[in-house]
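*Asks:* Pasted the sequence and its predicted model underneath.
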Amino acid sequence: MSILMLAGVLLSIFFMAAETEHECTGEDCHICEALELCCNTVKRLGEGTVAPITFTLLMTFAAILLFSAETEYVGKTLVSQKVRLND
């Protein structure tokens with residue numbers, strides 16, 4: 001979800017940069033409507049409505065990765081693996 005949101009914001013920024021000096025056809029200009037949508041997307045990210053959701057998703061993903069990595073190593077001690085240290 002976070003990757004899709006980041007891709008949407010980046011594509012919005014690239015579209016805004018590419019179409020800033022377009023030839024406007026008037027009131028029903030589709031490019032102006034798309035530019036307005038892109039501006040709203042970038043503004044929402046800065047307002048903080050999207051940032052907590054993104055942060056929560058990233059922390060959940062990190063917790064899942066840590067938990068899966070931790071379960072691989074939990075319980076693996078020299079005694080549980082019956083490793084003999086003296087020869």
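*Replies:* Here it is on my side, so go on. The model shown is predicted, which means the values in this text are computed figures rather than measured ones.

*Asks:* now the helices for this protein?
*Replies:* 2-18, 30-47, 51-73 (DSSP state H).

*Asks:* where in this protein is pLDDT low?
*Replies:* 1-2, 46-51, 68-75, 87 (pLDDT under 70).

*Asks:* rerun that using 50 as the cut-off
*Replies:* Nowhere does the chain drop to pLDDT under 50.

*Asks:* circling back to that earlier point, save the helices of the chain as TSV, and put in mean neighbour count and distance to residue 82 too.
*Replies:* Placement of C-beta: from N, CA and C, glycine included. Shown next, in TSV, are these (neighbours: other C-beta atoms under 10 Å; distance: least, C-beta to C-beta, whole Å):
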stretch	mean neighbour count	distance to residue 82
helix 2-18	13	43
helix 30-47	13	54
helix 51-73	11	17
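
*Asks:* Turn those helices into TSV, columns for distance to residue 85.
*Replies:* Below are these laid out as TSV (distance: least, C-beta to C-beta, whole Å):
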stretch	distance to residue 85
helix 2-18	45
helix 30-47	55
helix 51-73	19
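
*Asks:* right, and these - which one's nearest residue 79?
*Replies:* Closest approach to residue 79 among the helices of the chain (C-beta to C-beta): helix 51-73, 14.7 Å.

*Asks:* The helices of the chain: which one's closest to residue 84?
*Replies:* It is, among those and with distance given as C-beta to C-beta, helix 51-73, at 20.7 Å.

*Asks:* hmm, back to that, which one of the helices of the chain lies closest to residue 24?
*Replies:* Across the helices of the chain, closest to residue 24 is helix 30-47 (C-beta to C-beta), at 6.0 Å.

*Asks:* Name the residues that touch the closest one?
*Replies:* Surrounding helix 30-47, the residues in contact under the criterion C-beta atoms under 8 Å, 6 or more residues apart in numbering are 8, 9, 12, 13, 15, 16, 19, 20, 22, 24, 50, 51.
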